[in-house]
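Q: Have a look; sequence and predicted model below, questions after that.
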There are 2 protein chains.
Amino acid sequence: MDSKRTVEVAFSPVLYPYRITREDFVVVIVDVLRATTSITAAFENGVREIIPVGSVEEARKWKEKGFLVASERDGKTLDFADFGNSAFSFMTERVKGKTIAYSTTNGTQAIEMADGSGQEVAIGAFNNLSALSDWLITMNKNVVVLCSGYKNKFNLEDSFYAGALTDKLMNSGGYTTECDSATVARDMWLAGKDNIEMYINKASHRERLRNRGQDNVLEYTFTIDNASALPLLRKADKRLYNASLNKD
Amino acid sequence: MDSKRTVEVAFSPVLYPYRITREDFVVVIVDVLRATTSITAAFENGVREIIPVGSVEEARKWKEKGFLVASERDGKTLDFADFGNSAFSFMTERVKGKTIAYSTTNGTQAIEMADGSGQEVAIGAFNNLSALSDWLITMNKNVVVLCSGYKNKFNLEDSFYAGALTDKLMNSGGYTTECDSATVARDMWLAGKDNIEMYINKASHRERLRNRGQDNVLEYTFTIDNASALPLLRKADKRLYNASLNKD
């Protein structure tokens, strides 16, 4: 009898419906460049709640209701928004204790898809890798890692993170996998973990960020475990909160 | 000015619609366990044409019309069929010069999808790796590798082949890529090529084949360049033919 839990990886939202895992699991949303890294950074810096928002129009409505709004397109903060989507936007006193509407097309699509399967939804990034994996292992739950990708294409950076998380879970001894995506993602992580910057330089998205002058946040994005925040989706109102605050 | 051609990989049919490459390309269909390996083996052994067939019912109709039919489900040859789908089925005198209806759910779905984009469709497997890559390089065409996967999930063996083909094309000096899937697939190939059997043992599909007692065809499947056949789809009647016969 195998009492181990399973880990599975979907390399893109369009692959998520074809997962094997069907019941009793946690979905980990990954969009390391940049939504899930920034959301984790925000909670680490005292943000109270985050409202994931799919469209610019919806973000504008939250602004009109008096909320702080993070919204950018093509790397530029939109005129009505309080700040852009970079993790650095949330490292100020201004955000502490606040509820923020965070506009992210990819991230919101992934969150809605994951929520639609009726399971617990968590936010994963390199900054909370251990905090999240420790929690998953303690909860003893099956895991499906849902990579946001880029316009539904496979991307290297989210898959690389999926491999890091798979490796953490497998190394705990409590997890097994029958998923080739998880196997290959873990190999990616093992091949790249000792020189992450060099590995990530292979990514096509890296080039886009460089072209947009957003290079400065990359070092933060690929720094591991500088946060203990554990962002989960609250089913009642579809807002993200920091579950690590309730643990002790 | 960059005059290089591009190579792109879709890890699953559901990712194919999101490819970057839109014009003037060859789609390489990959289903190494087992359709594309068997189809290439069949042409290598003198089969004249192959009719890709999606359903068992359709296969039965071709049988009633007097064609030889290869059809199996769950690793067993169906009662009305002449043989199963294994490459070994086509290594007999009986098939020479014949047109065969080949029933493959995954393969047919991928071929129809590729054909629907109006481009040249080729069949790729390890047995014709060099024959196919040499032809692509000579034709100087952009390439999209379409992995059949398993029930739309990413699978290790098709992706590994995609990496082998990407490596061939990139090494020719005439190709470039902006596709993370191609980059990662090529890394898979480079990591596994010197010990293919060990690498492929990681695959979840490997376990299924072993359980079905189909292990004996695996050695053939992962033997490189034992065929010079070049199966292409003829647009007029949606049949596969061996283009290598017309080259000289």
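A: Okay, I see it.
Q: who's in contact with A:Arg19?
A: A:8, A:10, A:144, B:153 (C-beta atoms under 8 Å, 6 or more residues apart in numbering or on different chains). C-beta coordinates here come from the backbone N, C-alpha and C atoms, glycine included.
Q: Contacts only, for the third one.
A: Contacts for A:Val144 were tallied using C-beta under 8 Å, 6+ apart; they are A:7-10, A:16, A:19, A:21, A:25-28, A:119.
Q: So which residues on chain A come close to chain B?
A: Within reach of chain B by C-beta under 8 Å from any C-beta of the partner chain, chain A has these residues: A:11-12, A:14-15, A:18-20, A:151-156, A:159, A:178-181, A:183-184, A:187-188, A:191, A:202-205, A:207.
Q: Now for chain A, the helix or strand with the poorest mean pLDDT.
A: The helix or strand of chain A with the lowest confidence, counting by mean pLDDT, DSSP states H and E, is helix A:204-211 at a mean of 67.
Q: okay, and for chain A, where does confidence drop off?
A: Along chain A, the model assigns pLDDT under 70 to residues A:1-2, A:205-215, A:246-248.
Q: If you count neighbours, what's buried in stretch A:109-128?
A: Within stretch A:109-128, the residues that qualify as buried by neighbour count (16 or more other C-beta atoms under 10 Å in any protein chain shown) are A:109-111, A:113-115, A:117, A:119-128.
Q: Let's see which of these end up in strands.
A: Judged by DSSP state E, strands contain the following of the buried residues of stretch A:109-128: A:120-124.
Q: any chance you could map the strands in chain A?
A: Counting by DSSP E, the strands of chain A are A:5-10, A:25-30, A:49-53, A:68-70, A:72-73, A:76-77, A:99-103, A:120-124, A:142-147, A:175-176, A:231-234, A:239-242.
Q: need those strands in CSV with distance to A:Leu169, can you?
A: Compiled in CSV, these are given as follows (distance: least, C-beta to C-beta, whole Å):
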stretch, distance to A:Leu169
strand A:5-10, 5
strand A:25-30, 10
strand A:49-53, 25
strand A:68-70, 30
strand A:72-73, 33
strand A:76-77, 36
strand A:99-103, 27
strand A:120-124, 11
strand A:142-147, 6
strand A:175-176, 4
strand A:231-234, 17
strand A:239-242, 22
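Q: so which of the ones you listed comes closest to B:Leu232?
A: strand A:5-10 (32.9 Å; C-beta to C-beta).
Q: which residues sit in contact with A:Ile192?
A: Actually, residue A:192 is Gly. It isn't Ile. Under the criterion of C-beta under 8 Å, 6+ apart, the neighbours of A:Gly192 are A:160, A:198-200.
Q: Out of the residues of chain A next to chain B, list just those in helices.
A: Secondary structure from DSSP state H places A:156, A:159, A:180-181, A:183-184, A:187-188, A:191, A:204-205, A:207 of these in helices.
Q: and A:Val121, what are its bridge partners?
A: A:Val121 has the following beta-bridge partners by DSSP bridges: A:Val27.
Q: show me the contacts for the closest residue in space to A:Lys193 that isn't next to it in sequence.
A: Spatial nearest neighbour of A:Lys193, chain neighbours left out: A:Ala164 (7.0 Å); criterion: C-beta to C-beta, 6 or more residues apart in numbering or on different chains. With contact taken as C-beta under 8 Å, 6+ apart, A:Ala164 is in contact with A:126, A:129, A:189, A:193, A:224.
Q: mind checking how far A:Ala164 is from B:Tyr161?
A: To B:Tyr161, A:Ala164 is 26 Å away according to C-beta to C-beta, to the nearest Å.
Q: same thing with A:Gly97?
A: Noted for A:Gly97: a distance of 53 Å to B:Tyr161, by C-beta to C-beta.
Q: Burial check on the nearest residue to A:Ser133 once chain neighbours are set aside, number of neighbours?
A: Nearest in space to A:Ser133, with sequence neighbours left out and distances taken as C-beta to C-beta, 6+ apart, is A:Lys168 at 3.8 Å. As a burial measure, A:Lys168 scores 20 neighbours (other C-beta atoms under 10 Å in any protein chain shown).
Q: Using CSV, list the CA coordinates for stretch A:18-32.
A: Included here for stretch A:18-32 are C-alpha records, laid out as CSV according to Å, rounded to 0.1, in the frame of the first residue of the first chain:
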residue,chain,number,x,y,z
TYR,A,18,-6.1,17.1,-18.7
ARG,A,19,-4.4,16.5,-15.3
ILE,A,20,-4.7,13.0,-13.7
THR,A,21,-5.3,14.4,-10.1
ARG,A,22,-9.0,14.9,-9.7
GLU,A,23,-9.8,15.0,-6.0
ASP,A,24,-8.5,16.3,-2.7
PHE,A,25,-5.6,18.5,-3.9
VAL,A,26,-4.1,21.9,-3.6
VAL,A,27,-3.5,23.9,-6.8
VAL,A,28,-0.4,26.0,-6.7
ILE,A,29,-0.6,28.9,-9.1
VAL,A,30,2.8,30.0,-10.6
ASP,A,31,3.5,33.1,-12.5
VAL,A,32,6.9,34.0,-11.2
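Q: Okay, buried residues for that stretch please.
A: Neighbour counts using 16+ other C-beta under 10 Å place A:19, A:21, A:25-32 of stretch A:18-32 among the buried residues.
Q: and the nearest residue to A:Lys141 once chain neighbours are set aside, what is it in contact with?
A: If the residues on either side of it in the chain are set aside, A:Lys141 comes closest to A:Val26, at 4.8 Å by C-beta to C-beta, 6+ apart. If a contact means C-beta under 8 Å, 6+ apart, then A:Val26 has A:119-122, A:136, A:139, A:141-144 as its contacts.
Q: returning to that earlier point: which of the contacts of A:Ala164 lies closest to A:Leu245?
A: Each of the contacts of A:Ala164 was scored against A:Leu245 by C-beta to C-beta, and A:Leu129 proved nearest at 18.7 Å.
Q: Next up, the contacts around that closest one.
A: Applying C-beta under 8 Å, 6+ apart, we find A:Leu129 in contact with A:161, A:164-165, A:168, A:224-225.
Q: Return the closest of those residues with respect to chain B.
A: Nearest to chain B among the contacts of A:Leu129, counting by C-beta to the nearest C-beta, is A:Tyr161 at 13.1 Å.
Q: Can you get me a residue count around that closest one?
A: Number of residues near A:Tyr161 (other C-beta under 10 Å) recorded here: 30.
Q: That one and B:Thr108, how far apart?
A: In this view, A:Tyr161 and B:Thr108 are 35 Å apart by C-beta to C-beta.
Q: do A:Asn142 as well
A: In this structure, A:Asn142 and B:Thr108 are 33 Å apart, going by C-beta to C-beta.
Q: do A:Glu49 as well
A: Here the distance between A:Glu49 and B:Thr108 works out to 49 Å (C-beta to C-beta).
Q: Ok, A:Val9 next?
A: In this view, A:Val9 and B:Thr108 are 27 Å apart by C-beta to C-beta.
Q: So for these two, which sits in the more crowded spot?
A: Applying other C-beta under 10 Å to A:Val9 and B:Thr108 shows that A:Val9 carries more neighbours, namely 30 against 22.
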